[in-house]
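>>> Sequence and predicted structure below; questions after.
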Amino acid sequence: MDHKKNYNEQIILITGAAGFIGAALSQYLLKNGAYVIGLDNLNDYYDINLKKERINQIENSILNSNGKWKFYKDSLENFYSLEKLFDENKPSIVVNLAAQAGVRYSIENPQAYIQSNLVGFSNLIELCRNYGIEHFIYASSSSVYGGNVKMPFSEKMSVDHPVSLYGATKRANELIAHSYSSLYSLPSTGLRFFTVYGPWGRPDMALFLFTKAIIDGKPIKVFNNGEMIRDFTYIDDIIISLDKLINKPPIQNKSFDYLNPNPDESWAPHAIYNIGNSCPIPLLKYVEELEKALGINAFKEYLPMQSGDVKATFSDTSKLEKFINYKPKTSIKSGISKFVRWYRNYYKV
Ligand SMILES: NC(=O)c1ccc[n+]([C@@H]2O[C@H](COP(=O)([O-])OP(=O)(O)OC[C@H]3O[C@@H](n4cnc5c(N)ncnc54)[C@H](O)[C@@H]3O)[C@@H](O)[C@H]2O)c1
């Protein structure tokens, strides 16, 4: 990725900085001149060592030796320590990537989602309001499309039929953010990410689980008998999109059509974008590419559909493309081979 842009010492708070996307964004912004304040509670939803290693990566990066990186191990739920962080650092931009992620885990552990994604999110946005944040960007998810079956998924569609608590909390985030934008003119942007993958990725997600199982000679669990389609999005495409969005906060829309309100638009400075590859891939094709990259054939255990899951995701990214003049484009062949190279090197397998 190019590292040309200068953030001119902007102070950017990134929550979930030890996470997959947060760590990649923190590194990118530090290399491009921002002051980055990272926050993460390093919870044990998955391997904490991987989270710590991501932080080490940021800290070892030569370009941030000049005190432009600060890390806070804390939870969004702790309003008063979060307030202290805002007070000490006075960020101008906040990117909220901290959340309890994962669809399947939300079936067994609803409380984790209520706490991080609702209580934590509400604390953060309240502080964004109090501290006059210039742009609040937050991670939503393709999961908000829930029961929609018409493809591709467009921001114009109604998203009122969530099929998992995870999806419901992400939709709630969008609604809360809209209300803050409307009430307090807080410029905010919600990003519906579509299955993000790549080096330093999440151990609870399919690519990681499949790679580990195939290398260990164990069967991979293929849900819905492989009848699944996913719009897989490579991490660099997400980071480039975020880079292009950070300094483009939405503005009030004076020509909003109140009589025919489009779910895609608002009078308030609030916007929502899909960020996906717009190129859905059958799950078994994805596995085939992984087998090729690893040079090993997978044993497949075919299983029924899991509750909360959806059969297909497919993003319409024309709105994003129009706004930032960029379209995620990494092919799965190239993305998977970069992931496999990282995985083998990191785990020495
Ligand atoms: N990776 C994807 O495919 C994907 C798809 C759609 C949406 N998203 C969303 O994007 C964001 C980032 O995802 P990711 O893949 O990097 O996930 P991740 O789990 O790797 O990162 C989230 C980080 O947030 C931290 N965290 C969780 N709850 C917290 C809390 N209450 N306080 C402080 N820290 C907390 C975790 O320790 C973790 O390091 C999340 O909001 C996720 O829901 C991700």
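Now that the structure is in, tell me what you want to look at. Numbering: from 1, shown residues only.
>>> Please go through the protein and pick out the longest helix.
Counting by DSSP state H, the longest helix found in the chain is helix 165-184.
>>> Going by neighbour count, which residues in it are buried?
For helix 165-184, the neighbour count (16 or more other C-beta atoms under 10 Å) marks 165-174, 176-178, 180-181, 184 as buried. From N, CA and C alone the C-beta is placed, and that goes for glycine too.
>>> again, but for stretch 105-121
For stretch 105-121, by 16+ other C-beta under 10 Å, it's Tyr105, Ser106, Ala112, Tyr113, Ile114, Ser116, Asn117, Leu118, Gly120, Phe121.
>>> just checking, what packs against the worst-scoring helix or strand of the chain on mean pLDDT?
Using mean pLDDT, DSSP states H and E, the weakest-scoring helix or strand in the chain turns out to be helix 105-108, at a mean of 90. Other elements packing on helix 105-108 under the criterion 3 or more C-beta pairs under 8 Å, 6 or more residues apart in numbering; DSSP states H and E are helix 110-113, helix 165-184.
>>> Switch these over to CSV; also include mean pLDDT and distance to Lys254.
What follows is these, written out as CSV (pLDDT from 0 to 100; distance: least, C-beta to C-beta, whole Å):
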stretch, mean pLDDT, distance to Lys254
helix 110-113, 97, 37
helix 165-184, 98, 14
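>>> and the ligand, which of those is closest to it?
With C-beta to the nearest ligand atom as the measure, helix 165-184 is the member of the helices and strands packed on helix 105-108 nearest the ligand (6.7 Å).
>>> how about the closest one, does it get close to the ligand?
No: judged by C-beta under 6 Å from any ligand atom, helix 165-184 makes no contact with the ligand; its nearest approach is 6.7 Å.
>>> For that helix, name the packing helices and strands.
If contacts are counted by 3+ C-beta pairs under 8 Å, 6+ apart, helix 165-184 sits against helix 105-108, helix 110-113, helix 121-130, strand 135-141, strand 188-193, strand 270-275.
>>> now the longest helix of the chain against strand 188-193, angle please.
Here the directions of helix 165-184 and strand 188-193 differ by 160 degrees (axes from the mean of the first three to the mean of the last three C-alpha atoms, to 10 degrees).
>>> how about helix 165-184 as PDB, C-alpha atoms only?
Extracted C-alpha coordinates of helix 165-184, given in PDB (Å, rounded to 0.1, in the frame of the first residue of the first chain):
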ATOM      1  CA  LEU A 165     -28.400 -10.200  17.800                       C
ATOM      2  CA  TYR A 166     -25.100  -9.200  16.400                       C
ATOM      3  CA  GLY A 167     -26.900  -7.800  13.300                       C
ATOM      4  CA  ALA A 168     -29.500  -6.100  15.500                       C
ATOM      5  CA  THR A 169     -26.800  -4.400  17.600                       C
ATOM      6  CA  LYS A 170     -25.100  -3.100  14.400                       C
ATOM      7  CA  ARG A 171     -28.400  -1.800  13.100                       C
ATOM      8  CA  ALA A 172     -29.000  -0.200  16.500                       C
ATOM      9  CA  ASN A 173     -25.600   1.600  16.200                       C
ATOM     10  CA  GLU A 174     -26.700   3.000  12.900                       C
ATOM     11  CA  LEU A 175     -29.900   4.300  14.400                       C
ATOM     12  CA  ILE A 176     -28.200   5.800  17.500                       C
ATOM     13  CA  ALA A 177     -25.600   7.500  15.300                       C
ATOM     14  CA  HIS A 178     -28.300   8.900  13.100                       C
ATOM     15  CA  SER A 179     -30.100  10.400  16.100                       C
ATOM     16  CA  TYR A 180     -26.900  12.000  17.300                       C
ATOM     17  CA  SER A 181     -26.200  13.400  13.900                       C
ATOM     18  CA  SER A 182     -29.700  14.800  13.700                       C
ATOM     19  CA  LEU A 183     -29.800  16.200  17.300                       C
ATOM     20  CA  TYR A 184     -26.300  17.500  17.700                       C
END
